[in-house]
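Chemist: Task: produce atomic coordinates for the following.
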Amino acid sequence: MNLKYKILAVLAAGIALTACGGSGTPASTPASSTVPASSHVAEEGVTEPINLQTWTLDDLDDTQTTTFVSASITSGVQNGKLTAKVFGYDIYKKEEIENLAVGDKITFHEEGAAQDQCVTTEVKSIERNDQHHLVSINGGMEQPGGLDLKLEDDDTYRTMTFDDYPLYYEMGEKTMPLAEDVVLKDSSADPQAEAVETTGADAVAAAINADPDNWTTYNTTLVVQGGKVLEVRRIWVP
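Modeler: Residues are numbered from 1 along each chain as shown. Reported below is the predicted structural model:
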């Protein structure tokens, strides 16, 4: 059976703070109890992230899916288990962003928001930079209700901050065991560094614990399947 592969992401900025999932759901609802994707219907005239209502931390336990997640390792590795805060960012269908017009509405997560806390704002202005494949809504993220988007190679748009990072929202914290043959690929030494590979649960745990404060959502990606961490990847960031 071919494994499915996911790259976790979602969205940001706006005016009315609501629970992602629509009317009647309090904003404090835990991410694990959000409305299932199959029952969620987007409001007419509202552009929503592709991954809204389709993913929770429980999906990391899926044995048939390998998932790549941005994460901040919060407590190092204890007894062979890694504890991390998992983050997502909003992504949108290319055609929906290209068809977006003044007067429409768009839903996204503000930076640092919880998974079930979204904003929906009216589109009052759109600026498009076709050369660099950028879209600025309502004056961009510097303005209230503003949002910046960037076209990716897979023909989706993602949120973008000043330094080109996605606009991350927090999905929650999860503790997961390291796989026996887990691999650490660490290229954080400098921008041109080749990844240094460390293999095996004990060796990877030691490497993480030796540098406990430098595994952040901006430089760290976890590759997870069946609730186990298969790979830890760290890159250089300024």
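
Chemist: Name the residue closest to the centre of the chain, please.
Modeler: Nearest to the mean C-alpha position of the chain, counting by C-alpha atoms, centre = their mean, stands Gly88 at 1.7 Å.

Chemist: Give me the distance between that one and Asp190.
Modeler: Distance of Gly88 to Asp190, computed by C-beta to C-beta, to the nearest Å: 28 Å. C-beta: built from backbone N, CA, C; applies to glycine.

Chemist: Show me the shaky parts of this protein.
Modeler: Across the chain, the ranges flagged by pLDDT under 70 are 1-42, 53.

Chemist: Tell me, domain by domain, which residues of the chain belong where.
Modeler: Domain ranges of the chain: 4-53+89-169, 59-83+176-235, per automatic domain parsing.

Chemist: Columns mean neighbour count on top of those, output as a markdown table?
Modeler: As requested, the domains of the chain are exported to a markdown table (neighbours: other C-beta atoms under 10 Å):
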| stretch | mean neighbour count |
| --- | --- |
| domain 4-53+89-169 | 17 |
| domain 59-83+176-235 | 17 |
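
Chemist: Past the strand ranked longest in the chain, which element shows up next along the chain?
Modeler: Ranked by residue count, the top strand of the chain under DSSP state E comes out as strand 169-187. Note on strand 169-187: by DSSP states H and E, the next helix or strand toward the C-terminus is strand 196-199.

Chemist: Give me the helices and strands touching that next one, please.
Modeler: strand 169-187 (3 or more C-beta pairs under 8 Å, 6 or more residues apart in numbering; DSSP states H and E).

Chemist: Show me what the helix of greatest length in the chain packs onto, helices and strands only.
Modeler: Criterion DSSP state H: the longest helix present in the chain is helix 201-209. For helix 201-209, the elements it packs on are strand 65-78, strand 169-187, judged by 3+ C-beta pairs under 8 Å, 6+ apart.
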